[in-house]
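Trainee: A predicted structure for the sequence below; I have some questions about it.
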Amino acid sequence: MINQGVTEIPECHIMRRWTRDAYRDMPEHLMLYQKDSATTKSMSFRHSALYRTAIEIVQMANSNPESCEVAMSHFLDAIPILSETSKIKDGLGLEERVQAAGRANPSVIFESGSLQPDIVAPPKRKNIGRPSSARNKPGYEKVSVPITKFCTICRSRVHRANCCPSNKNKKPRREAHCSNCGLAGHKKNNCLTSNY
């Protein structure tokens with residue numbers, strides 16, 4: 001191409017699937033990714049797009065008093081127009097879905113921070129019993145060195161009272177007996193004379 005002096009590939013040699021218009025010829029399983037597909041008209045897309053643009057307008061309007069007045073005038077102009085067009089409801093709006101789900105108080109959803117009423121984090125399962133004090137403590141709590149436990153009989157820090165060698169009151173451990181054959185040294189699950 002350089003030797004021939006051609007700067008561009010001729011259009012007759014370019015396939016459509018290589019261009020930006022390739023999304024028009026998508027197969028069935030990829031049709032939902034088209035720009036003009038019905039998924040872009042869904043509730044979540046509509047709500048997030050409106051929310052993002054509204055937040056951008058509020059941020060720009062909050063920069064100085066003149067921009068605030070301009071934004072407020074446009075908001076007030078949009079209210080009568082939207083009140084006429086919003087009379088026809090398709091049932092996919094956030095408030096309609098909340099009412100359809102049977103929730104009486106939709107303000108709870110906005111307070112919790114979630115935008116979609118059907119997608120809510122599962123409740124955290126609490127542990128049974130008293131809360132444990134064994135936790136990672138932050139630096140501002142001024143954690144002292146943990147107290148090392150010691151033997152109450154000989155005051156050694158190597159072991160505790162239940163396994164102290166100088167404990168004379170310690171009962172000898174009972175040897176395991178099999179409930180099948182009655183012999184010592186093994187249990188029922190390791191018995192050679194099984195009943196089955």
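Mentor: Right, received. Where do you want to start?
Trainee: and the contacts of stretch 83-90?
Mentor: Glu96 (C-beta atoms under 8 Å, 6 or more residues apart in numbering). From N, CA and C alone the C-beta is placed, and that goes for glycine too.
Trainee: end-to-end on it?
Mentor: 15 Å (C-alpha to C-alpha, to the nearest Å).
Trainee: got it, and stretch 81-99?
Mentor: Termini of stretch 81-99 sit 25 Å apart (C-alpha to C-alpha).
Trainee: where does the prediction get shaky in the chain?
Mentor: Across the chain, the ranges flagged by pLDDT under 70 are 21-44, 93-95, 97-98, 101-120, 142-147, 194-196.
Trainee: where do the helices of it begin and end?
Mentor: Here the chain has its helices, by DSSP state H, at 43-61, 65-85, 94-100, 107-112.
Trainee: could you identify which of those is most buried?
Mentor: helix 94-100 (a mean of 15; mean count of other C-beta atoms under 10 Å).
Trainee: coming back round to it: out of the helices of the chain, which comes closest to Arg17?
Mentor: Between Arg17 and the helices of the chain, the tightest spacing by C-beta to C-beta is seen for helix 43-61, at 26.1 Å.
Trainee: now the helices of the chain as JSON lines including distance to Ile153?
Mentor: Shown next, in JSON lines, are these (distance: least, C-beta to C-beta, whole Å):
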{"stretch": "helix 43-61", "distance to Ile153": "68"}
{"stretch": "helix 65-85", "distance to Ile153": "78"}
{"stretch": "helix 94-100", "distance to Ile153": "67"}
{"stretch": "helix 107-112", "distance to Ile153": "56"}
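Trainee: having no further points to raise, I will conclude here.
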